[in-house]
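Colleague: coords please:
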Amino acid sequence: MAAKQVTRIRGAGPRPSDDLPATAVVVVAGAPASAPGPAAPTVGAYEILGELGEGGMGKVYLGRHKLIGRKAAIKILNRDIASDDEVVSRFFNEARAVNDIRHPNIVEVTDFGQFGDLHCIVMELLEGETLATRVLRAGTLDEASAVRIARQVTSALGAAHERGLVHRDIKPENIFLCSHPDYPDFVKVLDFGIAKLLATESTLGHHTKTGAVLGTPSYMSPEQCLGEATLDLRSDVYSLGVVLYQMLTGAPPFTADTLGRLIVCHVSEPPVPPIVANPRVSPLMNRIVLRALAKKPKDRFASMKEFRDALEAAPAVAQARGGGSSAPTSARGPVVVRAAGVARPVAAPPVSAPAHAPAPASPGRAPPAAPAPQTSTIDDPPAKAPGLGTDLPSRLIALVMERIDRGAVDLPALPPATVRCIDLLRRSNLGFAEAARVITDASALRSRIMRLANSAAFPSLMPATTLEIAIARLGTGGLFQALIEFSAREVLAGKHPRVKEASRRSWPHALGSAIIASQLCQQFDREAEAPFAYLAALLHDAGKPIVGTLLLDFEQQLIRAGNRTILTEAVWLSAIERCHRPAGAALVRHWQLAHPVVEAIETSGAFDPAAGRSLPNLVRFSTALAKRLGLTVGPTNAADVDAICAEGRRLLKIDDGTERNISHGLKERAIALSAIRGQ
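Modeller: Residues are numbered from 1 along each chain as shown. Modelled structure (predicted):
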């Protein structure tokens with residue numbers, strides 16, 4: 001609906017005078033919002049706190065639930081529209097259909113109905129900015145950012161199309177980029193089905209008014225411009241192609257002084273190729289955009305899945321998969337998800353199987369068994385290691401390293417349901433229903449996912465009552481991240497009582513390190529590497545419980561052999577510190593995660609001055625900074641930690657402002673999230 005400018009979006013420049021989407025629900029800052037009229041101080045269980053926007057169909061208010069205090073956006077239809085029973089009925093039927101989709105990239109309708117003489121819908125409150133505002137401020141988006149946003153939109157529209165809903169008004173104003181420190185640019189598609197309420201055929205400018213034809217002229221497909229009554233999902237493909245073109249070049253493919261001229265352009269004139277408008281656009285992306293903008297529907301992508309698959313092959317995504325490494329990836333293709341971070345429906349990194357790793361589990365089969373530990377005792381001759389003497393600590397370290405080198409360490413395995421889900425993700429064949437079928441018999445895993453989906457990490461007024469709804473709330477990327485985090489939490493906790501005690505604070509430290517590493521990648525404009533950095537920092541200490549348990553086993557062998565020498569705490573911890581990175585790298589290989597994650601863990605024992613902002617250097621700094629901020633695990637030498645942080649700051653070129661932004665509230669966030677993630 002046409003919007004009246006009332007304030008500024010937090011953290012953004014002035015909002016362009018475009019439509020305020022009918023479900024555009026933003027948290028605003030500045031002067032207090034205007035109070036609603038006296039006729040509507042409350043709507044159902046909600047107190048009305050102020051007005052967010054106004055347009056031709058009604059007003060959107062900021063509301064707060066009177067009992068639980070949660071805020072929401074409440075749209076109240078204008079009385080002239082609400083007086084038409086047929087329009088109101090169709091509007092509410094559409095709201096029901098959208099609510100049934102339950103896709104994480106679609107704005108959530110939490111309630112709707114008639115309260116007194118008011119017809120309202122209640123929606124989740126979003127914080128951030130529209131894509132229109134982002135493009136206005138940035139001019140153009142880099143290809144990686146454009147692909148990341150477009151892929152989320154294809155996922156949302158694909159879910160809607162499966163339910164028989166065609167959006168018909170895809171434009172930057174209806175694509176909302178949520179601002180969250182852990183989930184940059186998490187997309188919410190707005191205004192599903194609102195245009196279906198409109199019946200006449202007069203649309204002017206950029207404003208979709210009451211009684212106007214479906215859509216906004218600059219983004220309408222040729223068949224939409226011609227007023228064809230039967231539009232199918234390929235009309236949305238065209239509109240998203242226009243949006244993608246604008247993200248890459250800074251402007252839509254067609255502009256005109258009159259509506260008639262604009263329609264002629266959409267129907268009959270070829271667009272200037274995006275690679276001509278912006279030479280930085282890759283040839284493959286140029287072909288993707290032009291195919292989406294084909295005049296005839298049959299020449300476009302046949303579905304949003306086909307559109308998304310094409311985007312997956314774009315150079316920006318290929319870079320994210322490889323992480324700047326030439327390491328081979330899985331023949332079935334890596335898992336590609338939204339963005340890395342904590343509590344996000346996020347981004348986990350691609351998964352790849354090294355040449356020497358076990359093959360992925362086949363459908364219906366258990367995961368490959370871990371290599372059987374080979375029998376050896378403390379008296380076995382250890383492999384020669386530079387700088388090691390013949391004393392007991394050195395012999396223990398050498399023996400541990402020798403065990404790791406020949407694959408004779410009993411490494412924790414991923415649960416069968418997790419292996420099956422990851423295998424399906426590699427095949428790009430994991431939907432919400434399929435994931436629910438895989439997980440439903442794994443009771444512990446099922447309970448964890450249900451708790452996570454209903455936690456503060458995924459706030460919603462409506463609880464996730466089934467496993468499929470819970471997985472839909474997380475999204476496939478969020479599910480992958482959660483599965484890895486659940487397993488990482490188990491490993492970091494350890495099983496031996498002595499290991500458990502030494503690992504008491506390892507989980508908050510792991511999450512804090514992962515958050516820092518991911519945010520640094522974003523600060524350095526290397527978002528493609530953020531998923532790898534997140535997992536490498538998260539699993540950086542995963543080898544410590546493995547090595548600690550192995551050393552205690554060796555100690556028991558010594559005792560049984562009649563040697564009463566007991567490992568002191570200092571010797572035990574020193575040996576763990578010397579050996580844990582190779583053990584952690586072996587675990588990541590065993591889980592068949594991406595090679596850059598393995599490499600970052602394995603080589604993060606010291607900074608490499610020649611490597612600059614490499615992943616190992618970044619992970620080493622992140623784990624040290626998390627300790628300095630109070631997320632300690634085990635004995636910590638403050639002077640050593642400060643020295644590592646100082647060296648890392650110089651090498652990574654991190655200024656005071658960047659460190660302050662990353663550090664602010666990090667300890668509290670990590671502790672709070674540790675109670676949610678991996679619980």
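Colleague: Only C-alpha atoms from now on, for both contacts and neighbour counts.
Modeller: Will do.
Colleague: Who are the packing partners of the longest helix along the chain?
Modeller: Ranked by residue count, the top helix of the chain under DSSP state H comes out as helix 467-493. Here helix 467-493 touches helix 416-426, helix 432-439, helix 443-453, helix 506-523, helix 543-560, going by 3 or more Cα pairs under 8 Å, 6 or more residues apart in numbering; DSSP states H and E.
Colleague: Can you name the element that comes right after the last one?
Modeller: Stepping forward along the backbone from helix 543-560, the first helix or strand reached (DSSP states H and E) is helix 569-590.
Colleague: pLDDT on the very next helix or strand once past that next one, on average?
Modeller: Where DSSP H and E defines the elements, the next helix or strand beyond helix 569-590 is helix 595-602. On average, the pLDDT along helix 595-602 is 93.
Colleague: what inclination does helix 595-602 have with respect to helix 569-590?
Modeller: Angle of helix 595-602 versus helix 569-590, following axes from the mean of the first three to the mean of the last three Cα atoms, to 10 degrees, is 170 degrees.
Colleague: what angle do helix 595-602 and helix 543-560 make?
Modeller: 50 degrees.
Colleague: can you give me how far helix 595-602 is from the chain middle?
Modeller: 21 Å (Cα atoms, centre = their mean, to the nearest Å).
Colleague: Check stretch 232-247 too.
Modeller: Chain-centre distance of stretch 232-247: 23 Å, with Cα atoms, centre = their mean.
Colleague: who touches that stretch?
Modeller: Applying Cα atoms under 8 Å, 6 or more residues apart in numbering, the external contacts of stretch 232-247 come out as 135, 140-141, 146, 150, 157, 161, 166-172, 219-221, 223-224, 251-253, 274, 289-290, 292-294, 297, 300-304, 307.
Colleague: Please produce a ChimeraX select command covering the buried subset of those.
Modeller: Buried residues within these, by 16 or more other Cα atoms under 10 Å, are selected in ChimeraX with:
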select :135,140,141,146,150,157,161,166,167,168,169,170,171,172,219,220,221,223,224,251,252,253,274,289,290,292,293,294,297,300,301,303,304,307
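Colleague: Restricted to helices, list the contacts of stretch 232-247.
Modeller: Counting by DSSP H, those contribute 135, 146, 150, 157, 161, 223-224, 274, 289-290, 292, 304, 307 to helices.
Colleague: what's the closest of those residues to residue 402?
Modeller: Closest approach to residue 402 among those (Cα to Cα): residue 146, at 47.1 Å.
Colleague: coming back round to it: in TSV, list the helices and strands packed on helix 467-493 along with mean pLDDT and distance to residue 533.
Modeller: Shown next, in TSV, are the helices and strands packed on helix 467-493 (pLDDT from 0 to 100; distance: least, Cα to Cα, whole Å):
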stretch	mean pLDDT	distance to residue 533
helix 416-426	85	19
helix 432-439	85	26
helix 443-453	89	23
helix 506-523	92	5
helix 543-560	86	17
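Colleague: Compare these and give me the one nearest residue 99.
Modeller: helix 432-439 (15.9 Å).
Colleague: Next, the angle helix 467-493 makes with the closest one.
Modeller: 50 degrees.
Colleague: Name the residues of helix 432-439 that come out as buried.
Modeller: Neighbour-count burial for helix 432-439 [16+ other Cα under 10 Å]: 432, 435-436, 438-439.
Colleague: would you turn these into a markdown table with distance to residue 237?
Modeller: Putting those into a markdown table (distance: Cα to Cα, whole Å) gives the following:
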| residue | distance to residue 237 |
| --- | --- |
| 432 | 23 |
| 435 | 27 |
| 436 | 29 |
| 438 | 32 |
| 439 | 33 |
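Colleague: Just give me the neighbour total for residue 153.
Modeller: Neighbour count for residue 153, taken as other Cα atoms under 10 Å: 22.
Colleague: Please verify my assumption that it contacts residue 103.
Modeller: No: if you go by Cα atoms under 8 Å, residue 153 and residue 103 don't touch, sitting 10.8 Å apart.
Colleague: now the helices for the stretch 51-200 of the chain?
Modeller: 79-82, 85-101, 131-138, 143-162 (DSSP state H, counting those that start in this stretch).
Colleague: deepest of those, which one?
Modeller: With neighbours defined as mean count of other Cα atoms under 10 Å, the helices of the stretch 51-200 of the chain peak in mean count at helix 143-162, which reaches a mean of 21.
Colleague: Do me a favour and average the pLDDT over it.
Modeller: The model assigns helix 143-162 a mean pLDDT of 91.
Colleague: do stretch 491-499 as well
Modeller: 89.
Colleague: That one: which residues count as buried?
Modeller: Within stretch 491-499, judged by 16+ other Cα under 10 Å, the buried ones are 491-494, 499.
Colleague: nearest to residue 617, of those residues?
Modeller: residue 492 (22.2 Å).
Colleague: Tell me which residues touch the closest one, please.
Modeller: 503, 506-507, 541-542, 544-545.
Colleague: repeat that with 6 Å
Modeller: residue 542 (Cα atoms under 6 Å, 6 or more residues apart in numbering).
Colleague: Check the gap between it and residue 550 for me.
Modeller: Per Cα to Cα, to the nearest Å, residue 492 is found 14 Å from residue 550.
Colleague: and what of residue 538?
Modeller: 22 Å.
Colleague: Comparing those two, which residue is more hemmed in?
Modeller: residue 538 (30 against 18).
Colleague: hang on, isn't that one packed against residue 510?
Modeller: Yes: here residue 538 reaches residue 510: they are 4.7 Å apart, a contact under Cα atoms under 6 Å.
Colleague: Number of residues surrounding residue 500?
Modeller: Neighbours of residue 500 (other Cα under 10 Å): 16.
Colleague: Likewise for the one 10 residues further on?
Modeller: When counting by other Cα under 10 Å, one arrives at 31 neighbours for residue 510.
Colleague: repeat for residue 232
Modeller: Residue 232: 17 neighbours (other Cα under 10 Å).
Colleague: Show the backbone phi and psi for it.
Modeller: The phi/psi pair for residue 232 (degrees, to the nearest 10) reads phi -110, psi -170.
Colleague: any idea how far residue 161 is from it?
Modeller: 9 Å.
Colleague: give the contact list for residue 74.
Modeller: Taking Cα under 6 Å, 6+ apart as the test, what residue 74 contacts is 60-61, 121-122.
Colleague: correct me, but residue 304 touches residue 154?
Modeller: Yes: with contact defined as Cα under 6 Å, residue 304 counts as touching residue 154 (5.3 Å).
Colleague: Of all the residues in stretch 580-598, which ones are buried?
Modeller: 580-598.
Colleague: before we move on, what about stretch 520-540?
Modeller: Buried, per 16+ other Cα under 10 Å, within stretch 520-540: 520-521, 526-540.
Colleague: swap in stretch 623-631?
Modeller: By neighbour count on 16+ other Cα under 10 Å, the buried set for stretch 623-631 is 623-629, 631.
Colleague: Then stretch 550-566?
Modeller: In stretch 550-566, counting by 16+ other Cα under 10 Å, buried: 550-552, 554-558.
Colleague: Could you give the average pLDDT over the one helix or strand residue 626 maps to?
Modeller: In this structure, residue 626 sits in helix 615-628 according to DSSP H and E. Averaging pLDDT along helix 615-628 gives 95.
Colleague: residues making contact with that helix?
Modeller: Helix 615-628 is contacted by residues 512-513, 516-517, 537, 600, 603-604, 607, 641, 645, 648 when judged by Cα under 6 Å, 6+ apart.
Colleague: Could you measure from the residue lying closest to residue 638 once chain neighbours are set aside over to residue 521?
Modeller: In this structure, residue 638 finds its nearest non-sequential neighbour in residue 628, 7.3 Å apart by Cα to Cα, 6 or more residues apart in numbering. Going from residue 628 to residue 521 by Cα to Cα gives 20 Å.
Colleague: Cool, thanks, talk later.
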